[in-house]
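K.L.:
give me a 3D structure for the following:
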Amino acid sequence: MKFPVFFVAVLIPAFACSLAAQVHIREKVRINPSPLSAVKMQTSAPSSTHSLRVEVRWDQPWFASFQTYTPCKLKIDTGTSHISFMIDPAPGGLYEHFVFLPNRPAGQTAHAVFELYYDGLLLRRDSTLYGQFSTGWPDSPFNTPHFDSFRFNLPDDPLFYESSVTSEVTGVNRCDGSTSWSPGSDPVTLTIVGGGEYVQFWRVEDEFFGPRTPQGNTITALASQIPQYHLVADGVFPDSQGVMVTVRAESNGIEQSDSVLVVPYYLRLIVDPDSIATGEQSRIAIKTVDATGGEHDRIVAPLVSVGIKDSSRYGTLSYERTNGSIISQGDTLTEIEVFFLEDEHSGIQLKFLANEQSPTTTFPVTLFAKKTGEGSTEDFIPAVLYPFLARDTVRGEGKVSLISRDTVILSIESKDTVLKPLGDGDNKKEDPACTVPQGKPDTCRRIIDFTRVARTTITARARNQRGGPARDFPFILSTTAVPNSGGHDHSDNRPSGRFVTSAKETLVAVQGLTDSAGKVEYTYLSSGIGGVDSLSVRSVTPGDTAGLRIVMKIPNLKELLAGDHYDLIGALGEPGVISRHRKNHYGTSNMVKSLTTLADTIYQIKKCYLRINDISLEFGGPFDISNNWVTPHQKHRGGISADIDDKVRAAAGSTRTIARKELAEWFEKAGLQGTIRNEGNHFHVTIK
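P.N.:
Residues are numbered from 1 along each chain as shown. Purely as a prediction, here's the structure:
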């Protein structure tokens with residue numbers, strides 16, 4: 001027996017009617033176990049940000065006690081003529097509510113009104129008349145899983161052309177309870193509803209060895225079998241921005257959809273190094289990338305054709321094994337397997353070889369690659385399992401710059417740029433007791449002892465225009481002393497430093513080739529003489545040059561300038577002076593201060609002026625008073641000794657001779673300590 005259902009229309013504002021929310025009586029059911037009976041009501045909600053309230057009103061007292069089954073929970077409500085409850089609004093969700101009538105007397109009927117309020121505004125009204133229940137009404141167990149569903153997902157990452165993805169179907173329960181939806185028994189139908197020209201389903205029964213069969217745009221299988229069906233981008237080549245493909249999943253009357261972006265791939269040639277000179281080579285790798293340059297893996301690595309796009313006269317391509325055996329060589333190579341180039345353990349390389357014809361300036365060479373077929377993969381999947389097309393649209397380019405060998409940039413550097421010249425006692429061939437008595441200047445002639453001089457490491461480099469090493473580059477490395485440097489005002493036959501060769505020779509110029517790193521290193525021996533050496537490196541043929549200066553200098557020497565109580569003598573230009581050294585009064589700070597104090601003391605006692613001769617030269621080191629680089633001035637290298645004339649000058653200009661004893665007394669009165677040695681016409685003074 002059916003009961004009439006009365007629908008009462010309610011006039012509400014237009015904007016509210018447009019909302020996707022409703023309430024209506026769906027069916028009358030008998031809830032097991034008997035004698036429970038109920039009315040099932042369905043509601044749907046548009047938004048979780050709004051409130052939905054259900055009002056139930058009745059006109060019979062036997063409605064006073066009943067139960068309502070709202071989404072995900074059961075609650076008991078009582079009332080005399082009215083009850084109200086909120087429903088859980090979820091966008092697009094469909095929820096079922098049961099109003100139980102346990103207290104209905106037999107044979108009685110009641111009129112009830114169901115109302116749905118949206119944010120307090122009446123949205124829908126439905127009413128019904130209740131009477132005796134018919135035994136023909138369908139039974140419904142109380143735990144019927146009204147909230148069972150499933151979830152369908154495609155990967156979030158893009159699907160690259162000629163690659164594949166798998167989807168996932170899992171059962172869910174909207175109330176976080178257990179679900180009766182079974183992946184082993186519930187069939188799922190997947191349909192490509194958007195972008196079907198770009199993709200299709202393939203059934204892959206074995207991940208590595210097949211068989212693989214195309215299935216078109218629709219498949220039906222148990223949810224547990226869905227992973228066997230791959231969505232493969234094997235159709236129309238998408239544009240650079242990609243296309244969105246949508247797949248709909250249907251099971252037990254429920255639909256779910258998801259989308260994936262299908263993007264194209266291109267070839268990118270990676271040339272390393274990207275600049276080479278005549279006779280050098282670059283290795284070429286080929287990667288599959290998307291429009292933004294991001295790398296990705298494909299199902300099957302492509303076979304490509306690689307060639308030189310413009311001007312092959314400067315080089316050639318070589319497809320070879322790492323043991324040196326050539327597979328193929330020429331301006332254009334075919335059947336290059338990208339997989340083997342990407343796998344560093346494959347033992348196969350693709351190279352560009354620059355020939356011996358060097359361009360006059362930097363010259364760019366463009367290399368290209370385009371897909372010609374399918375190769376293999378790391379898992380050795382035969383290409384026939386995925387018969388993708390050979391597409392000229394899948395291509396890429398790379399560049400290598402050829403550098404002219406004639407354009408090389410040279411540089412030179414030294415581990416140390418300041419070296420100490422030979423000091424007092426550094427020449428083992430010099431007699432420590434050697435003096436230079438007047439009239440016998442040759443008694444102390446000695447040569448420079450290169451076993452005692454300071455040394456450093458000189459590095460010369462040759463670079464091409466890109467900054468890379470210019471190997472096997474012919475060079476000349478030389479050194480010369482800078483004239484009039486270090487306090488020497490003569491330059492004839494001035495010694496310079498020397499380079500030590502692999503044969504242990506010491507030479508002022510060496511010639512050779514740079515190594516594989518574009519450099520060469522030599523040990524450099526200084527001349528031992530205070531001054532400056534100028535080093536240079538240049539090309540054997542006209543080209544670039546580079547220079548470096550190395551200073552030989554005793555550090556912290558200070559010049560004794562003209563003073564009130566002493567005369568400076570012995571410099572170049574004075575009568576009878578043969579030594580060509582303009583600045584001969586450099587000493588340590590202590591020596592300069594002590595000589596000034598000594599002169600002041602003598603003046604206070606005798607009103608005489610001290611006459612100070614040679615101390616050391618500007619940079620220190622050997623003081624060759626005979627201007628021949630080999631006659632040393634004993635103990636005048638480090639600024640700690642000075643020659644004091646044996647005559648002092650009176651204020652009137654006359655001079656008188658002093659004895660060593662008198663000078664020693666002045667030393668003591670000045671508070672100085674040191675040694676005084678009589679050397680004929682002067683005293684050699686060393687101050688501690």
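K.L.:
give me the phi and psi for residue 275.
P.N.:
Main-chain dihedrals, residue 275, degrees, to the nearest 10: phi -140, psi 130.
K.L.:
could I get the contacting residues of the closest residue to residue 310 other than its chain neighbours?
P.N.:
Leaving aside its chain neighbours, residue 310 sits nearest to residue 366 (5.5 Å; criterion: C-beta to C-beta, 6 or more residues apart in numbering). In short, each C-beta sits where N, CA and C put it, glycine included. Counting by C-beta atoms under 8 Å, 6 or more residues apart in numbering, residue 366 touches 308, 309, 310, 397, 398, 399.
K.L.:
gap between the second one and residue 568?
P.N.:
Using C-beta to C-beta, to the nearest Å, we find residue 309 at a distance of 78 Å from residue 568.
K.L.:
out of those two, which sits in the busier spot?
P.N.:
Higher neighbour count among residue 309 and residue 568: residue 568, with 17 against 14, using other C-beta atoms under 10 Å.
K.L.:
so who does the more buried one touch?
P.N.:
Counting by C-beta under 8 Å, 6+ apart, residue 568 touches 560, 562, 585, 612.
K.L.:
do residue 688 as well
P.N.:
Residues near residue 688 by C-beta under 8 Å, 6+ apart: 673, 674.
K.L.:
repeat for residue 618
P.N.:
The contact partners of residue 618, taken as C-beta under 8 Å, 6+ apart, are 486, 487, 530, 557, 559, 583, 586.
K.L.:
surely the first one touches residue 622?
P.N.:
No: at 9.9 Å, residue 486 and residue 622 do not qualify as touching, with contact defined as C-beta atoms under 8 Å.
K.L.:
shared neighbours, those two?
P.N.:
421, 529, 530.
K.L.:
the first one: what secondary structure?
P.N.:
Taken by DSSP: H, G, I helix; E, B strand; the rest coil, the conformation at residue 421 corresponds to coil.
K.L.:
ok, it - how many residues close by?
P.N.:
Residues contacting residue 421 under the criterion other C-beta under 10 Å number 25.
K.L.:
just to revisit the earlier point, can you classify the residue nearest to residue 310 by secondary structure?
P.N.:
strand.
K.L.:
is it in a bridge, and if so with what?
P.N.:
Note on residue 366: beta-bridge partners by DSSP bridges are residue 399.
K.L.:
okay, it: pLDDT?
P.N.:
Note on residue 366: pLDDT of 89.
K.L.:
what does stretch 573-589 rub up against?
P.N.:
Defining contact as C-beta under 8 Å, 6+ apart, one finds that stretch 573-589 is touched by 487-490, 556-560, 568, 570-572, 595, 612-618, 620, 623, 625-627, 638-640, 642.
K.L.:
please apply the same query to stretch 404-417.
P.N.:
By C-beta under 8 Å, 6+ apart, stretch 404-417 touches 277-278, 358-363, 454, 456-465, 470, 473, 475, 477, 524, 535-539, 541, 543-551.
K.L.:
cool, stretch 245-259 as well?
P.N.:
Stretch 245-259 is contacted from outside by 149-154, 159, 167, 169, 181, 186-196, 198-199, 223, 231, 244, 260-262, using C-beta under 8 Å, 6+ apart.
K.L.:
pull out the buried positions in that stretch.
P.N.:
Buried residues in stretch 245-259, counted by 16 or more other C-beta atoms under 10 Å: 245, 247, 248, 249, 250, 251, 256, 258.
K.L.:
neighbour count winner among residue 486 and residue 622?
P.N.:
residue 622 (30 against 25).
K.L.:
low-confidence ranges in the stretch 351-500 of the chain?
P.N.:
356, 358, 360, 376-386, 405-406, 424-451, 466 (pLDDT under 70).
K.L.:
do you know the pLDDT at the residue lying closest to residue 273 once chain neighbours are set aside?
P.N.:
Spatial nearest neighbour of residue 273, chain neighbours left out: residue 282 (5.7 Å); criterion: C-beta to C-beta, 6+ apart. pLDDT for residue 282: 91.
K.L.:
buried ones in the helix or strand residue 282 falls within?
P.N.:
Element membership for residue 282 (DSSP states H and E) is strand 281-289. Within strand 281-289, the residues that qualify as buried are 282, 284, 285, 286, 287, 288, 289, counting by 16+ other C-beta under 10 Å.
K.L.:
does the closest residue in space to the fifth one that isn't next to it in sequence belong to a helix, a strand or coil?
P.N.:
If I follow you right, that is residue 287. Nearest non-adjacent residue to residue 287, counting by C-beta to C-beta, 6+ apart: residue 268, 4.7 Å away. Three-state call for residue 268 (three-state DSSP): strand.
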